[in-house]
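>>> Coordinates only, no sequence provided:
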């Protein structure tokens, strides 16, 4: 290779184009990494609330115990007036996991962090409260109530190949009408 060809390359401005491309590529990677770190940090901060908030812990235990008690029905809480006061014990845990699900769905919170940290708890919370949610949806004629929790629970409880479907449905909103 001729030395003049190398000199011509550096003097022609091609090196400036290559350097510009490299700077842009490094910047894109740095921004992506920074956004991912920020999502993970936000996720961990929001999850910390569950481990320290006694009301949420009490609500989760109440829902679990009520679900496994054969003499009680979570559906009854939604339908009967005499059990209405028990809604105050179920609602905090549902109202905690719904914003998490929304945050994962729109990209504020990191899906992997939530998955690794609270997978079973999210799945069980939705499973235990599903009859309650269905009755509340029916009563209020709002079939989109807690749809994000349902979506997230379904996404993390299914095998890996179903997660492709979750990525696609991530951007669709509830349009169910009765």
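Sure thing, it's come through. Since we're looking at a predicted model, the values are computed, not measured.

>>> In terms of helices and strands, where is the closest residue to residue 110 other than its chain neighbours?
Nearest non-adjacent residue to residue 110, counting by Cβ to Cβ, 6 or more residues apart in numbering: residue 39, 4.2 Å away. Backbone N, C-alpha and C define where each C-beta goes, glycine included. Taking DSSP states H and E as the definition, one finds residue 39 inside helix 14-52.

>>> what number of residues lie near residue 116?
Residue 116 has 10 neighbours, counted by other Cβ atoms under 10 Å.

>>> what do you get for residue 58?
13.

>>> quick one: it and residue 89 touch, right?
Yes - assessed by Cβ atoms under 8 Å, residue 58 is found in contact with residue 89 at 7.2 Å.

>>> List the residues that contact the residue nearest to residue 110.
Counting by Cβ atoms under 8 Å, 6 or more residues apart in numbering, residue 39 touches 107-110, 113.

>>> circling back to that earlier point, any buried residues in the helix holding residue 39, and which?
Buried residues in helix 14-52, defined by neighbour count with 16 or more other Cβ atoms under 10 Å: 39, 43, 46-47, 50.

>>> Ok, stretch 153-173 next?
For stretch 153-173, by 16+ other Cβ under 10 Å, it's 153, 155-156, 166.

>>> Can you get me the start-to-end distance on it?
16 Å (Cα to Cα, to the nearest Å).

>>> just to revisit the earlier point, which of the buried residues of helix 14-52 lies closest to residue 117?
The nearest member of the buried residues of helix 14-52 to residue 117, counting by Cβ to Cβ, is residue 47 at 5.3 Å.

>>> Let me know the pLDDT of the closest one.
Note for residue 47: predicted pLDDT of 87.

>>> got the contact list for it?
The neighbourhood of residue 47, defined by Cβ under 8 Å, 6+ apart, consists of 100, 113-114, 117-118.

>>> what do you get if the cut-off is 7 Å, keeping everything else the same?
Going by Cβ atoms under 7 Å, 6 or more residues apart in numbering, residue 47 touches 117-118.
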